[in-house]
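>>> Sharing a model that was predicted from the sequence below.
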Amino acid sequence: MKRVHFIAIGGSAMHNLAIALHQQGAEVTGSDDEIFEPSRSRLDNLGILPEQLGWHPEDITKELDAVILGMHARADNPELQRAQELGIPVFSYPAYFHEQTRNKTRVVIGGSHGKTTITSMIVHVLRAAGADFDYLVGAQLEGFDCMVRLSANSSVAVIEGDEYLASTLEPVPKFHLYKPDIALISGIAWDHINVFKTFESYVEQFATFIDLIEPGGKLIYCAEDAIVARLAAERRERKEVPQVPYGVPPHVIRNGLTSLVTAQGEVPLKIFGKHNLMNLEGARHVCHQLGIGDREFHAAIASFTGAAKRLEKLAEHEGKVVFKDFAHSPSKLKATVDAVREQFPGRTLTACMELHTFSSLSENFLDQYAGCLDGADKALVFYDPHAVQLKRLPPVPAERIRKAFQREDLRVLTTPITLMGAVREDMGGEGVLLMMSSGNFGGLDLTALAEAFIA
């Protein structure tokens, strides 16, 4: 396909796929009604940023080989309607990626949490091993200029399998479209309640994901997650898909540093937390299926620093350290807080999370956060009233948030200025600041915040 047009090109995966096809030599065009950083600069640097925002059906012509449709675009999008009138093939990006990798071994990483990190670990190890492979990852990795790759010569594709819907024309979870040869499920915790109205309907998507594994494939799953373990047990009679369970590998923590305990000796790591150790163990089993032995895996994983925004260290000085993390769902929050607490047991831990997603700001979901911040000495919750308005949700009273988290000393903040002030209070002695969100805390400069905390 030499000429490809992207409707809603500004998305994280969409703009990376556009860049990957441009680098292959395809003629790439696109459109969107909003494009934020870093997508905007990356597209602009390659000359494929749309000249103007909005939808322009006159740009959709018979010369196009394909249109790739982002979830952001609606069914009445004028460019989509024009493409359908002209009979141009229209793909969601997961359907397109599957089409391009249908003759390869597809490794798909699914789960409510950990899938980006596990996918990133596998990509990191395969690259260190000199392997030729395709990939689709949802976060930026150090040393990679683009987080999507498609190659004519590779025989393996490593894919982060998101459970959110693919597009308005394919309203099914993205990971249902990849049809894996090797599938991994890291854990299941209710999310995306605007689409999956009940926990049971959400779990059902993962059951379907398992059923879509190709005959002769493998299921690798976290046995320490009760829901995942149940789904695996219910499908164990499907003998053409062997199962590989995993859990927390042997390890030690000394002076704030975590090391794996292996047959070859201890392996110091740059990451920490039981959830990350389970992620690592899942990645090890996937790499084993791809021919990477333990010695080679451990040598490579020792240099893995994490995916962008996943327990990323912003600053450290004289007993104080600041991390930011993408955590926003209840299970992710608890895992991240507990990991930092275990890693720095003697320091005062201040944990701040932002209610930002549709689920987190919804009245019927808030109670899922009960106890998530219990591991912190000081707990802060931030939300931007403007974000609530954009999602057309009612205001969230502070007392309702405290009740949901089941923590009376919880401070609820709604402006970046008050958040900065709360973080800077009582900063004497050794301490850890943990900032958790899929948003941006109302535009707060986290670098400045980190400098203020450690100063």
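In hand now; what should we look at?
>>> Provide the secondary structure category for the residue most central in space within the chain.
For the chain, the residue nearest the mean C-alpha position is Thr116 (4.3 Å; C-alpha atoms, centre = their mean). Assigned with DSSP: H, G, I helix; E, B strand; the rest coil, Thr116 falls in the helix class.
>>> same deal with His113?
Per three-state DSSP, His113 ends up coil.
>>> Point out where this protein drops to low pLDDT.
Flagging of the chain using pLDDT under 70 yields the residue ranges 1, 426-427.
>>> So which residues of it form helices?
12-24, 39-45, 78-86, 93-100, 115-128, 199-211, 226-234, 274-289, 294-301, 330-343, 385-390, 398-405, 416-424, 446-454 (DSSP state H).
>>> which one of the ones you listed is the most hemmed in?
helix 115-128 (a mean of 25; mean count of other C-beta atoms under 10 Å). Where C-beta positions appear, they are placed from N, C-alpha and C, glycine not excepted.
>>> Could you list the residues in contact with that helix?
107, 109, 111, 133, 135, 137-139, 141, 143-144, 156, 158-162, 184, 186, 276, 279-280, 282-283, 286-287, 290, 292, 296-297, 299-301, 303-304, 306-307, 310, 326 (C-beta atoms under 8 Å, 6 or more residues apart in numbering).
>>> same question, stretch 56-70
Counting by C-beta under 8 Å, 6+ apart, 1-9, 11, 14, 17-18, 29, 31-32, 78-83, 86, 88-93, 96, 167-169 sit against stretch 56-70.
>>> Please repeat the previous calculation with a cut-off of 7 Å.
Residues from elsewhere that reach stretch 56-70 (C-beta atoms under 7 Å, 6 or more residues apart in numbering): 1-8, 11, 14, 17, 29, 31, 78-80, 82-83, 86, 88-93, 96, 167, 169.
>>> For that stretch, measure first residue to last.
In stretch 56-70, first residue to last residue: 15 Å (C-alpha to C-alpha, to the nearest Å).
>>> Show me what counts as buried in that stretch.
Of the residues in stretch 56-70, Ile60, Leu64, Ala66, Val67, Ile68, Leu69, Gly70 count as buried by neighbour count, 16 or more other C-beta atoms under 10 Å.
>>> JSON lines for those residues, including distance to Leu219?
Output for the buried residues of stretch 56-70, formatted as JSON lines (distance: C-beta to C-beta, whole Å):
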{"residue": "Ile60", "distance to Leu219": "41"}
{"residue": "Leu64", "distance to Leu219": "38"}
{"residue": "Ala66", "distance to Leu219": "32"}
{"residue": "Val67", "distance to Leu219": "34"}
{"residue": "Ile68", "distance to Leu219": "29"}
{"residue": "Leu69", "distance to Leu219": "30"}
{"residue": "Gly70", "distance to Leu219": "30"}
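>>> nearest to Gly25, of the residues you listed?
Nearest to Gly25 out of these is Ala66 (C-beta to C-beta; 14.9 Å).
>>> Dig out what that closest one forms beta bridges with.
Val4 (DSSP bridges).
>>> Look up how far Ser362 lies from it.
36 Å (C-beta to C-beta, to the nearest Å).
>>> what's the spacing between the nearest residue to Val90 once chain neighbours are set aside and Asp445?
The spatially closest residue to Val90, leaving aside those adjacent along the chain, is Val67, at 4.7 Å (C-beta to C-beta, 6 or more residues apart in numbering). In this view, Val67 and Asp445 are 38 Å apart by C-beta to C-beta.
>>> Same question for Met71.
30 Å.
>>> now do Ser151
Taken as C-beta to C-beta, the span from Ser151 to Asp445 is 39 Å.
>>> Same question for Thr61.
With C-beta to C-beta as the criterion, Thr61 and Asp445 are 44 Å apart.
>>> now swap in Ile301 and tell me
Counting by C-beta to C-beta - Ile301 and Asp445 are separated by 33 Å.
>>> What of Arg106?
For Arg106, the distance to Asp445 - C-beta to C-beta - is 40 Å.
>>> Same check on Asp32?
26 Å.
>>> re earlier: between Met71 and Asp445, tell me which one has more neighbours.
Neighbour count, other C-beta atoms under 10 Å: between Met71 and Asp445, Met71 has more, with 20 against 13.
>>> tally of neighbours for the closest residue to that one other than its chain neighbours?
If you skip the residues right next to it in sequence, Met71 has Ser167 as its closest partner in space, 5.4 Å away by C-beta to C-beta, 6+ apart. The local packing of Ser167 (other C-beta under 10 Å) involves 26 other residues.
>>> Bridged to Gly265, which residues?
Going by DSSP bridges, Gly265 forms beta bridges with Thr262.
>>> Distance check, it against Pro249.
Gly265 is 14 Å from Pro249, where distance means C-beta to C-beta.
>>> try Asp134
The value you get for Asp134 to Pro249, if C-beta to C-beta is used, is 28 Å.
>>> So those two - more neighbours on which side?
Ranked by neighbour count (other C-beta under 10 Å), Asp134 and Pro249 place Asp134 first, with 23 against 15.
>>> OK, contacts around that one?
Asp134 neighbours (C-beta under 7 Å, 6+ apart): Thr101, Lys104, Arg149, Leu150, Ser151, Ser154, Val156, Ala157.
>>> Was I right to think Leu333 contacts Met436?
Yes: with contacts counted by C-beta atoms under 7 Å, Leu333 reaches Met436, the gap being 6.1 Å.
>>> who touches both of these two?
Common neighbours of Leu333 and Met436 (C-beta under 7 Å, 6+ apart) are Ala327, Met353.
>>> just to revisit the earlier point, would you list the helices of the chain in JSON lines and tack on distance to Asp191?
Shown next, in JSON lines, are the helices of the chain (distance: least, C-beta to C-beta, whole Å):
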{"stretch": "helix 12-24", "distance to Asp191": "17"}
{"stretch": "helix 39-45", "distance to Asp191": "23"}
{"stretch": "helix 78-86", "distance to Asp191": "27"}
{"stretch": "helix 93-100", "distance to Asp191": "18"}
{"stretch": "helix 115-128", "distance to Asp191": "12"}
{"stretch": "helix 199-211", "distance to Asp191": "7"}
{"stretch": "helix 226-234", "distance to Asp191": "13"}
{"stretch": "helix 274-289", "distance to Asp191": "16"}
{"stretch": "helix 294-301", "distance to Asp191": "27"}
{"stretch": "helix 330-343", "distance to Asp191": "9"}
{"stretch": "helix 385-390", "distance to Asp191": "17"}
{"stretch": "helix 398-405", "distance to Asp191": "16"}
{"stretch": "helix 416-424", "distance to Asp191": "25"}
{"stretch": "helix 446-454", "distance to Asp191": "24"}
